[in-house]
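S.K.: pasting the sequence and the predicted model now:
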Amino acid sequence: MTTAEKDACTQAIRWLARREYCRQEMLQKLIIKGHEQAVAMVVVNYLAQNDYMSERRYAEAYLRSRLHRGETPTLAAHRARQKGVDEKMLQHVLQDNLAHYDAKLACKTWLNKRDPEGLRHQDQRMWARLARFLCHKGFESSLVLHLMRAKDEDTV
């Protein structure tokens, strides 16, 4: 490794100590910080080969983080694709998460968290705001409408 590659590698390892990165994200970050593209490519390949950086770990961490924020797996996967995560790894991790995900329960939990007293039934603006919020989290509009219209917990 050249001196420039060692410097870039040291900086990349410091970043990886804080959180996981996908190859594309690390490559962009190294280039933005002033390293040449050829040097950045060598460093990213080195980190991936020596298991400092893993697409699978990044995909798992990213999806777990987004699901914890209340997004649906589909929306979280879409955002991961935008970050440049490997599609094959993403599909594998997504299948694992979908097996344990209940969209109706998650939507109901968010609805109860945002409107515990059921005020949406009296205030049309609040109803619209909650519906928009849930749709932006990635829930299907038919599910959101079904849960929003339900007045008591037994029918939901």
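M.R.: That came through fine.

S.K.: now the helix or strand that contains residue 104: buried residues?
M.R.: Residue 104 is part of helix 103-114 when elements are defined by DSSP states H and E. By 16 or more other C-beta atoms under 10 Å, the buried positions in helix 103-114 come out as 106, 107, 108, 110, 111. The C-beta positions use only the backbone N, C-alpha and C, and glycine is treated the same way.

S.K.: likewise for stretch 117-128?
M.R.: 120, 127.

S.K.: pull the CA atoms of the helix or strand of the chain with the lowest mean pLDDT into PDB?
M.R.: Ranking every helix and strand in the chain by mean pLDDT, DSSP states H and E puts helix 87-98 at the bottom, with a mean of 86. The C-alpha coordinates for helix 87-98 follow below in PDB (Å, rounded to 0.1, in the frame of the first residue of the first chain):
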ATOM      1  CA  GLU A  87     -29.400  -5.700  -4.300                       C
ATOM      2  CA  LYS A  88     -28.700  -9.300  -3.700                       C
ATOM      3  CA  MET A  89     -27.700  -8.700  -0.100                       C
ATOM      4  CA  LEU A  90     -30.600  -6.400   0.400                       C
ATOM      5  CA  GLN A  91     -33.100  -9.000  -0.800                       C
ATOM      6  CA  HIS A  92     -31.700 -11.600   1.500                       C
ATOM      7  CA  VAL A  93     -31.800  -9.400   4.500                       C
ATOM      8  CA  LEU A  94     -35.300  -8.100   3.600                       C
ATOM      9  CA  GLN A  95     -36.700 -11.700   3.400                       C
ATOM     10  CA  ASP A  96     -35.400 -12.300   7.000                       C
ATOM     11  CA  ASN A  97     -37.100  -9.100   8.200                       C
ATOM     12  CA  LEU A  98     -40.400  -9.700   6.400                       C
END
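
S.K.: and it, which residues are buried?
M.R.: Buried, per 16+ other C-beta under 10 Å, within helix 87-98: 89, 90, 93, 94, 97.

S.K.: identify the residues contacting that helix?
M.R.: Contact with helix 87-98 is made by 55, 56, 59, 60, 63, 67, 73, 77, 80, 81, as judged by C-beta atoms under 8 Å, 6 or more residues apart in numbering.

S.K.: related to what we said a few turns ago, ok, so of the buried residues of helix 103-114, who is nearest residue 50?
M.R.: Closest approach to residue 50 among the buried residues of helix 103-114 (C-beta to C-beta): residue 106, at 37.5 Å.

S.K.: many thanks, I have nothing further to ask.
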